[in-house]
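Asker: this is a predicted model, with the sequence first.
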Amino acid sequence: MDGQKHDRRAGPPRRGFTRRAFLKGSGAVAAATALVPGSRAEAQETGPKIYGPGPVPIRLRVNGEDREVKVEPRVTLLDALRNHLNLTGAKKVCDRGTCGACTVLVDGAPTYACSMLAIDAQGREIETVEALGPDHPMVQAFVEHDALQCGFCTPGFVVACTAFALRNPNCTVEDVNRALGGNICRCGTYAGIREAVVEAARKLKGGANA
């Protein structure tokens, strides 16, 4: 009996798996999994292509023209437009998708360029304020209704307002007020902006240059 007694100083008797046995087993399973066809290791080789972290070539279609740039995958569409394509109409203000100063059209939809990666904009139709020009009805309406002061937010407003007006040719001031909540004018020229959009929408009815 004495030979079968357990020495309490050595701790409780070990039962089941020990830590060492568990680690050995885990290593064996991992090694075997790496050799099995269709395993995660193989999926990583055949899965989606990984870009970066260095600059990679991408192609953007901007204002009807294909443009090639080389940027890191983390670069936003806004920075690609401003720093690589010299299209500085879209302004970098909040850089967190809240003010609308960087608004561009992506496949016709108003989009915060600071919140979209340039690499994700490939294959999309991108339009910036530079595509409109000084004779565009919305630009002229902004001037006529004194819808700007410092002008820093104006390009984003003009782009967003144009997209809205094309879809809502018979809009009212109240419609404009509700629709353009995503753009902020720190100078407070909202009254002029609303009037400009209503007028430009009438002119744009039936065509962008009507």
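Answerer: Perfect, I can see it now.

Asker: what is the distance between stretch 68-82 and the centre of its chain?
Answerer: Offset of stretch 68-82 from its chain centre (CA atoms, centre = their mean, to the nearest Å): 11 Å.

Asker: that one: end-to-end distance?
Answerer: End-to-end distance for stretch 68-82: 14 Å, by CA to CA, to the nearest Å.

Asker: C-terminal to the helix or strand hosting Leu166, what's the next element?
Answerer: Using DSSP states H and E, Leu166 falls within helix 154-167. In the C-terminal direction, the helix or strand that comes right after helix 154-167 (DSSP H and E) is helix 173-179.

Asker: name the nearest residue to Arg61, sequence neighbours excluded.
Answerer: Distance criterion CB to CB, 6 or more residues apart in numbering; nearest residue to Arg61, sequence neighbours excluded, is Glu125 at 5.8 Å. Any C-beta I mention is one placed from the backbone N, CA and C, and that applies to glycine too.

Asker: what is the burial count for the one you found?
Answerer: By the criterion of other CB atoms under 10 Å, Glu125 has 15 neighbours.

Asker: dump stretch 121-131 to CSV, keeping only the CA atoms.
Answerer: The C-alpha trace of stretch 121-131 is given here as CSV (Å, rounded to 0.1, in the frame of the first residue of the first chain):
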residue,chain,number,x,y,z
ALA,A,121,-12.5,52.5,-57.9
GLN,A,122,-11.1,50.6,-60.8
GLY,A,123,-13.6,49.7,-63.5
ARG,A,124,-16.0,52.5,-62.3
GLU,A,125,-16.9,55.7,-64.1
ILE,A,126,-15.5,58.6,-62.0
GLU,A,127,-16.5,62.2,-62.6
THR,A,128,-15.0,65.2,-60.8
VAL,A,129,-16.0,68.9,-60.8
GLU,A,130,-13.4,69.5,-63.5
ALA,A,131,-15.7,67.6,-65.9
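
Asker: any idea how far Gly156 is from the nearest residue to Leu166 once chain neighbours are set aside?
Answerer: The shortest distance from Leu166 to any non-neighbouring residue, by CB to CB, 6+ apart, is to Leu204 (5.8 Å). Between Leu204 and Gly156 the distance, using CB to CB, to the nearest Å, works out to 18 Å.

Asker: of the two, which one has the most company?
Answerer: Gly156 (27 against 21).

Asker: buried set for stretch 158-170?
Answerer: Val158, Val159, Ala160, Cys161, Thr162, Ala163, Phe164, Ala165, Leu166, Asn168 (16 or more other CB atoms under 10 Å).

Asker: nearest residue to the middle of this protein?
Answerer: Residue closest to the average C-alpha location in the chain (CA atoms, centre = their mean): Met116, at 1.5 Å.

Asker: for the nearest residue to it once chain neighbours are set aside, which residues are in contact?
Answerer: Nearest residue to Met116 in three dimensions, chain neighbours excluded: Leu77, at 4.5 Å (CB to CB, 6+ apart). Leu77 makes contact with Leu60, Val104, Val106, Thr111, Ala113, Cys114, Met116, Leu117, Ala118, Asp120, Ala121, Ile126, according to CB atoms under 8 Å, 6 or more residues apart in numbering.
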